[in-house]
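Asker: Based on what follows, work out the 3D shape:
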Amino acid sequence: MTTEIQKRFEDAAQYDSVMAKVFPGYEQLPLVILSYLRTRLGRTARLLDAGCGTGATLAAFATRQPEWSFIGVDPAEPMLEIAQSKMSAIGMGKRVTLSHGTVDTLPDEPKFDAATCILVEHLQPDNGAKLHLLESIYRRMVSGGWFVLFGLHGNLSTENAQNALDAWLEFVLLQGLPETTRDNVRHRATVEDSLVSEERIQALLQEAGFVNLDKLYQFQLLGGWLAQKS
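Answerer: Below is the predicted model of the structure:
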């Protein structure tokens, strides 16, 4: 294994533990999301997790919804390796299918009854990539299907968003993480990632075709929305 590939696997192995310290409530997000989907989906359902990462959401869903089936897609092979190990460990390998790639690499059929996209949208630039991601998910859902979007947002030129960012960075330090991690979080949020305002996210969801938008969650810069395919 080359040094670069080994580092990718090491980063993936640490992903969940680091994210749990960086993002307030990270470990509870799957159950927050599932609580809304359970009130809207039937006994059986087919669900897509776009950008499934290490499979934390899929594991939480699959163990609690024995008659739902799932497909997770992610472009990072090391993350999928860990997700596959999780599914095997909990005996969900047959009900959870993992696919290397993006939503675009999935077939258009059969459609999904619901979809989730967690901590992925803000990684896409707002140059058409955000909209394309949402449209790709929309196209693969059944009419009336439910979509949950969670990610960072905020117009960082405003005082409110800056205050939320500052509080988030302090939270990182309070978790016992080093200043280098705090500085990396700041750099990602302000330089590498593409945070947009709540109004822009709602506009993108509507442009992609989603209706019945509902804000589910807000803590510092992390927000969540529920929407429905028209």
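Asker: shaky segments in the protein?
Answerer: Within the chain, the stretches falling below the threshold (pLDDT under 70) are 1-13.
Asker: just so I have it, where are all the helices in it?
Answerer: Taking DSSP state H, the helices of the chain run over residues 3-22, 29-38, 56-64, 77-89, 129-139, 159-174, 179-187, 198-208.
Asker: Does the second one pack against any helices or strands, and if so which?
Answerer: Applying 3 or more C-beta pairs under 8 Å, 6 or more residues apart in numbering; DSSP states H and E, one finds that helix 29-38 makes contact with helix 56-64, strand 112-118, strand 141-152, strand 210-219, strand 222-229. Yep, even glycine has a C-beta here, placed from its N, CA and C like the rest.
Asker: can you list the ones you listed in TSV and add mean neighbour count and distance to Gln14?
Answerer: Shown next, in TSV, are the helices and strands packed on helix 29-38 (neighbours: other C-beta atoms under 10 Å; distance: least, C-beta to C-beta, whole Å):
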stretch	mean neighbour count	distance to Gln14
helix 56-64	21	13
strand 112-118	24	18
strand 141-152	21	20
strand 210-219	14	23
strand 222-229	21	20
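Asker: before we move on, the earlier item: for Asp113, find the nearest of the helices of the chain.
Answerer: Taking C-beta to C-beta as the criterion, helix 29-38 is the member of the helices of the chain that comes nearest to Asp113, at 9.2 Å.
Asker: Now do the same contact list for the residue nearest in space to the middle of the chain.
Answerer: Against the mean C-alpha coordinate of the chain, by C-alpha atoms, centre = their mean, the closest residue is Ile118 at 1.1 Å. Ile118 makes contact with Leu29, Ile33, Asp49, Gly51, Gly53, Thr57, Val148, Leu149, Phe150, Gly151 under the criterion C-beta atoms under 8 Å, 6 or more residues apart in numbering.
Asker: What's the separation between the nearest residue to the second one once chain neighbours are set aside and Leu48?
Answerer: Translated: Ile33. Leaving out its chain neighbours, the residue that sits closest to Ile33 by C-beta to C-beta, 6 or more residues apart in numbering is Val148, at 5.0 Å. From Val148 over to Leu48 the distance is 11 Å, taken as C-beta to C-beta, to the nearest Å.
Asker: can you check Ser69 too?
Answerer: Distance from Ser69 to Leu48, counting by C-beta to C-beta: 10 Å.
Asker: more neighbours, those two?
Answerer: Regarding Ser69 and Leu48, a neighbour count based on other C-beta atoms under 10 Å identifies Leu48 as having more, with 24 against 16.
Asker: First-to-last residue distance for stretch 26-46?
Answerer: The first and final residues of stretch 26-46 sit 24 Å from each other (C-alpha to C-alpha, to the nearest Å).
Asker: How far away from the center of its chain is it?
Answerer: Mean-position distance between stretch 26-46 and its chain equals 14 Å (C-alpha atoms, centre = their mean, to the nearest Å).
Asker: just stretch 78-98 next, same as before
Answerer: The answer for stretch 78-98 is 17 Å, by C-alpha atoms, centre = their mean.
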